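Student: no FASTA, just this:
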């Protein structure tokens, strides 16, 4: 935060900022190569791209903390920007609240009423994001620091909000609360690899690819469709270009004929083709994943019977019975601090329970992906981490040179000789995956493996895990990843209680909604049934009966309108509609969502009343 922020004001309907022909490079590697971007008021833009392409650098350019080598960044006069970094720092202070006051430079505000209003909003957002304002910032976790910085940024009510990986370190409940706040919040430019977040929140995807910024209207699902079509078309164009170029190279080598025909224009055209071919950047390589499962484990991997575990007064596991069998793909879901990592250690026999019995299966070979990456020695090189004392590794029946193997995980030779402490978060994640998959394992334990991975690597990891024949124990807050990988979930339901459900995150969420609705219906039925012994239950009025009959039709009409609007906003030419129309459509989409929630709630109440009368 570079300066204090006054109260919000209304800006004219024009782009908040324009980035034109931006160039920025570190060494020989261009991060921005004549890139351009316009951001309109009311947009929520998802910025995606491979790790290391320069997404965080672009946010710093927009925040004016980093200068361009060339190009122009134009902003509206007085544009207020708030940025939350990937790993935000809180200034030293006695409390989180005092630290945020300093971070936001609220003491510098001359108007006491402005400061009072911002502090009031700050208290509200700290409460909504479950941050204890009186805690010391020196003892906070990464997730608490992130939530505190987000609360301050939202309280400042900026014209433009810049967020770098805001969902990292947040649990699923925290992510959904943040999504709700951003949907109703200011214009935002967000770096994230959370596909569920992108699908729910953003109105446009901007991809940073090989120095260029490409824009795709709609959410991530719409982007995937358009991107697939673009890549297919690009491949066809490149094949035709390469064929034509090869023909021209053959012609130029027929030197005598070339000189005889004196076709200098054709020679110049070939030189131009060579320049184009040299300038054309190929698609960045993909990570290649392969897991050595070793020998098969026994049919039973682990069994828990009446297991309990507490730490002081905090009950983490209470009387849990569970069987994990060979081939299971078990996802653990719960809030930060619910005990997911503790439960994993109990399952693996690394932690003794306070009560109950744990039995481990036979021939179990475990590979453990630790979210804190404590298995990595920061002083060792990347090569030494993968294959200490040898230049070769064996994966199943295949023997590979360590350099070739590291290249499969996008580590070039010069990077393979770097110490681990010099790697970025994404590189450390890839290194840990490389180390994990280089060892035979029929039980794969992965604790938050998706942090810092780009979307392409995430999807490839999903495909690899889907074909993995062993047993998978997965802790993740990535909802799409859980849906695409696990076959059952174990959910923390408070007070040390854990419940197993079939399916992924979406299946559990649907079950929870059904269960909540059933509980509401049962509660209303019971409340109606109690006085029914003294007096007959009141009948539904004609108006209520008619309303109950009409509600399904009204809900269907709203859902049809919602689908049509999403299809319109995902169209290839939607960006040509203009900022005013895009803002109107966004407001209409939010209103439809509000009406749907209202109709569903009303339907549940009337349906419960009708059910009570039928008893």
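Tutor: Received the coordinates, thanks. Since this is a predicted model, take the numbers as computed values, not measurements.
Student: all contacts plus neighbour counts: C-alpha atoms, from now on.
Tutor: Noted.
Student: could you pull out the helices for the stretch 501-615 of the chain?
Tutor: Using DSSP state H, counting those that start in this stretch, the helices assigned to the stretch 501-615 of the chain run over residues 505-532, 542-569, 579-614.
Student: again with the stretch 101-250 of the chain
Tutor: Under DSSP H, counting those that start in this stretch, the stretch 101-250 of the chain gives helices at 112-128, 142-155, 172-183, 195-201, 220-253.
Student: now those helices as JSON lines including mean neighbour count?
Tutor: What follows is those, written out as JSON lines (neighbours: other CA atoms under 10 Å):
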{"stretch": "helix 112-128", "mean neighbour count": "17"}
{"stretch": "helix 142-155", "mean neighbour count": "23"}
{"stretch": "helix 172-183", "mean neighbour count": "17"}
{"stretch": "helix 195-201", "mean neighbour count": "20"}
{"stretch": "helix 220-253", "mean neighbour count": "14"}
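Student: mind checking which of the ones you listed is nearest residue 613?
Tutor: Nearest to residue 613 among those is helix 172-183 (36.3 Å), distances taken as CA to CA.
Student: what does that closest one rub up against?
Tutor: Here helix 172-183 makes contact (CA atoms under 8 Å, 6 or more residues apart in numbering) with 128-129, 167, 188, 197, 200-201, 334-335, 477-479.
Student: for stretch 360-368, same thing?
Tutor: Counting by CA under 8 Å, 6+ apart, 294-303, 347-349, 436, 439-447 sit against stretch 360-368.
Student: Report the separation between residue 46 and residue 554.
Tutor: Residue 46 sits at a distance of 32 Å from residue 554 (criterion: CA to CA, to the nearest Å).
Student: of those two, who's got more company?
Tutor: residue 46 (29 against 15; other CA atoms under 10 Å).
Student: just for the stretch 251-400 of the chain, where's the confidence low?
Tutor: For the stretch 251-400 of the chain, applying pLDDT under 70 flags the ranges 251-295, 371-374, 396.
Student: repeat that with 80
Tutor: Confidence mapping of the stretch 251-400 of the chain against pLDDT under 80 gives the ranges 251-297, 369-375, 394-398.
Student: where exactly do the strands run in it?
Tutor: In the stretch 251-400 of the chain, the segments counted as strands under DSSP state E, counting those that start in this stretch are 300-311, 314-325, 329-333, 355-360, 366-369, 392-395, 398-401.
Student: if I pick residue 585, what's in contact with it?
Tutor: Residues counted as contacts of residue 585 (CA under 8 Å, 6+ apart) are 565, 569.
Student: just to revisit the earlier point, which two of the contacts of helix 172-183 have the greatest separation?
Tutor: Largest separation among the contacts of helix 172-183 by CA to CA: 188 and 334, giving 28.0 Å.
Student: And residue 175, how far from residue 169?
Tutor: Using CA to CA, we find residue 175 at a distance of 9 Å from residue 169.
Student: go on, residue 507?
Tutor: 23 Å.
Student: out of the two, which sits in the more crowded spot?
Tutor: Applying other CA under 10 Å to residue 507 and residue 169 shows that residue 169 carries more neighbours, namely 21 against 14.
Student: Not counting residues beside it along the chain, what's closest to that one?
Tutor: residue 143 (4.6 Å; CA to CA, 6 or more residues apart in numbering).
Student: got a list of what the one you found touches?
Tutor: 168-170.
Student: and it, what pLDDT?
Tutor: Note on residue 143: pLDDT of 82.
Student: related to what we said a few turns ago, redo the helices of the stretch 101-250 of the chain as CSV? Include distance to residue 493.
Tutor: Shown next, in CSV, are those (distance: least, CA to CA, whole Å):
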stretch, distance to residue 493
helix 112-128, 20
helix 142-155, 20
helix 172-183, 13
helix 195-201, 22
helix 220-253, 31
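Student: The residue most central in space within the chain and residue 465: what is the separation?
Tutor: By CA atoms, centre = their mean, the chain has its centre lying nearest to residue 194, at 1.5 Å. Here residue 194 is placed at a distance of 18 Å from residue 465 (CA to CA).
Student: coming back round to it: quick check: the residue nearest to the centre of the chain touching residue 167?
Tutor: Yes. Residue 194 is within contact range of residue 167, at 7.4 Å (criterion: CA atoms under 8 Å).
Student: So, low pLDDT: which residues of the stretch 101-250 of the chain?
Tutor: Looking at the stretch 101-250 of the chain by pLDDT under 80, you get 142, 228, 230-250.
Student: Quick check: nearest residue in space to residue 484, chain neighbours excluded?
Tutor: Nearest one to residue 484, counting by CA to CA, 6+ apart, is residue 462 at 6.8 Å.
Student: my bad, residue 466
Tutor: Nearest in space to residue 466, with sequence neighbours left out and distances taken as CA to CA, 6+ apart, is residue 485 at 5.9 Å.
Student: who touches the one you found in this structure?
Tutor: Taking CA under 8 Å, 6+ apart as the test, what residue 485 contacts is 329, 462, 465-466, 504.
Student: Out of the residues you listed, which sit inside strands?
Tutor: Mapping the contacts of residue 485 onto strands (DSSP state E) picks out residue 329.
Student: Just the buried ones among the contacts of residue 485, please.
Tutor: 329, 462, 465, 504 (16 or more other CA atoms under 10 Å).
Student: residues making contact with stretch 543-558?
Tutor: Residues contacting stretch 543-558 (CA under 8 Å, 6+ apart): 592, 595-596, 599-600, 603, 606-607.
Student: run the last query once more with 10 Å
Tutor: Outside of stretch 543-558, the residues within contact range by CA atoms under 10 Å, 6 or more residues apart in numbering are 539-542, 559-564, 592-593, 595-600, 602-607, 609-610.
Student: Buried subset of those residues, written for ChimeraX?
Tutor: Buried members of those, defined by 16+ other CA under 10 Å, are picked up in ChimeraX with:
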select :562,592,596,599,603,604,605,606,607,609,610
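Student: just to revisit the earlier point, test my guess that the residue nearest to the centre of the chain contacts residue 450.
Tutor: Yes. Using CA atoms under 10 Å, residue 194 is in contact with residue 450, at 9.1 Å.
Student: which neighbours do the two share?
Tutor: In contact with both residue 194 and residue 450: 168, 458, 477-478, 481, using CA under 10 Å, 6+ apart.
Student: Between the residues you listed, identify the one with the most neighbours.
Tutor: Using other CA under 10 Å as the neighbour test, the shared contacts of residue 194 and residue 450 are led by residue 477, with 30 neighbours.
Student: Please report how far that residue lies from residue 174.
Tutor: 10 Å.
Student: which residues do the two both contact?
Tutor: 167, 335-336.
Student: out of those residues, which are buried?
Tutor: 167, 335-336.
Student: what's the closest of the residues you listed to residue 108?
Tutor: Nearest to residue 108 among those: residue 167, at 30.4 Å, using CA to CA.
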